[in-house]
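In: what's the 3D shape of this:
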Amino acid sequence: MSCREKLFENIKGGPLQVPSDMSSDALDLIVKLLNRDPKQRLGAGPGDAEEIKVHPFFKSVNWDDAIKRKLKLPKPRIRPIVPAKLSFDIFKDTEWDTNNQERMNRWTFISKEFK
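Out: You can find the predicted model right below:
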C-alpha cells in the first residue's frame, strides 16, 4: 500500500487524535464537523449552517456583526519558514507563540505507526 493510500485509509478509518488540553466545546465541535458520515455532520441537517452557529463553541460570536464585518480580527502570529540548513539563532530576538504551533503538531489523522 502506498503512502497516499495509507493516508486516505487513515482519514476514512483511523482514530482522530486531538490535544488533551483542548476545551470540551472545541472538541465537541470538531468531532461533529469531522463525522465520517456526511449526513450526520453538524450543519448537514435541515438547520444547515444555523446548526453550527448555535454550537456552544460560538456562544460569544455576534453573527450579525460578523455578517456586517464589524468584528475586529486578531492579529495573526506568523512563524517564518526557514530552510533546514539555516540556524534559528537569527530569530532569537523574534517574538512568536510556539505554544499554538505545538498544539497543532499534536493532532493527526495519521496513526502513529504510519509516521
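In: show me what contacts the closest residue in space to G45 that isn't next to it in sequence?
Out: Nearest residue to G45 in three dimensions, chain neighbours excluded: E51, at 5.8 Å (C-beta to C-beta, 6 or more residues apart in numbering). Every residue, glycine included, has its C-beta placed from N, CA and C. Neighbour list for E51: 42-45 [criterion: C-beta atoms under 8 Å, 6 or more residues apart in numbering].
In: Can you name the helix or strand that E51 falls in?
Out: Secondary structure assignment for E51, by DSSP states H and E: helix 49-53.
In: Flag every buried residue along that helix.
Out: By neighbour count on 16 or more other C-beta atoms under 10 Å, the buried set for helix 49-53 is I52.
In: Moving C-terminal from that helix, which element do we reach first?
Out: Remark: after helix 49-53, the chain's next helix or strand is helix 63-67, criterion DSSP H and E.
In: Of the contacts of E51, which is the nearest to D25?
Out: The shortest approach to D25 among those belongs to L42, at 12.4 Å (C-beta to C-beta).
In: surely that closest one meets I30?
Out: No: assessed by C-beta atoms under 8 Å, L42 is found out of contact with I30, at 9.6 Å.
In: May I have the helix or strand hosting L7 exported as PDB, CA atoms only?
Out: In this assignment (DSSP H and E), L7 forms part of helix 3-13. Output of helix 3-13 as PDB, limited to C-alpha atoms (Å, rounded to 0.1, in the frame of the first residue of the first chain):
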ATOM      1  CA  CYS A   3       1.800   6.300   1.500                       C
ATOM      2  CA  ARG A   4      -1.100   8.100  -0.300                       C
ATOM      3  CA  GLU A   5      -3.400   5.100   0.100                       C
ATOM      4  CA  LYS A   6      -2.400   4.700   3.700                       C
ATOM      5  CA  LEU A   7      -3.200   8.400   4.300                       C
ATOM      6  CA  PHE A   8      -6.700   8.000   2.800                       C
ATOM      7  CA  GLU A   9      -7.300   4.800   4.800                       C
ATOM      8  CA  ASN A  10      -6.400   6.700   8.000                       C
ATOM      9  CA  ILE A  11      -8.700   9.600   7.100                       C
ATOM     10  CA  LYS A  12     -11.500   7.200   6.500                       C
ATOM     11  CA  GLY A  13     -11.000   4.900   9.400                       C
END
